[in-house]
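1. Kindly return the folded structure for what I paste below:
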Amino acid sequence: MNPGSGPGSGAAFLYKLNGGTWEYVDTWSPTPATPDSGFGYSVDIGTQFAVVGAPWSADPVQGAGKAWIYAKEGSQ
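-> Numbers count the residues shown, from 1 in each chain. Predicted coordinates for the structure are as follows:
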């Protein structure tokens, strides 16, 4: 699935455990979305933050990669 901009742009899907059942919360996509960046290839989730990596992102340097940091809001 490539909800971003073109093949390989990627996405990360956030779920939470609620009473033994996993519930969909959100979909994260890179901004700006670029084809073949590999967004979501690596993910690390803590209690307050999540980091999503895109190892093949070419912005601003070809092959440098990028990481997006998401902060928890409210009680989600």
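2. And the nearest residue to residue 8 once chain neighbours are set aside, how far from residue 50?
-> Nearest non-adjacent residue to residue 8, counting by C-beta to C-beta, 6 or more residues apart in numbering: residue 36, 3.9 Å away. Backbone N, C-alpha and C define where each C-beta goes, glycine included. To residue 50, residue 36 is 22 Å away according to C-beta to C-beta, to the nearest Å.
3. Show the contacting residues for the residue nearest to residue 8.
-> By C-beta atoms under 8 Å, 6 or more residues apart in numbering, residue 36 lies in contact with 6, 7, 8, 9, 56.
4. could I get those as a markdown table with distance to residue 44 and secondary structure?
-> Putting the contacts of residue 36 into a markdown table (distance: C-beta to C-beta, whole Å; DSSP: H, G, I helix; E, B strand; the rest coil) gives the following:
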| residue | distance to residue 44 | secondary structure |
| --- | --- | --- |
| 6 | 25 | coil |
| 7 | 25 | coil |
| 8 | 21 | coil |
| 9 | 20 | coil |
| 56 | 18 | coil |
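5. Among the residues you listed, which one is most surrounded by other residues?
-> Compared across the contacts of residue 36, residue 9 has the highest neighbour count, 22 neighbours, by other C-beta atoms under 10 Å.
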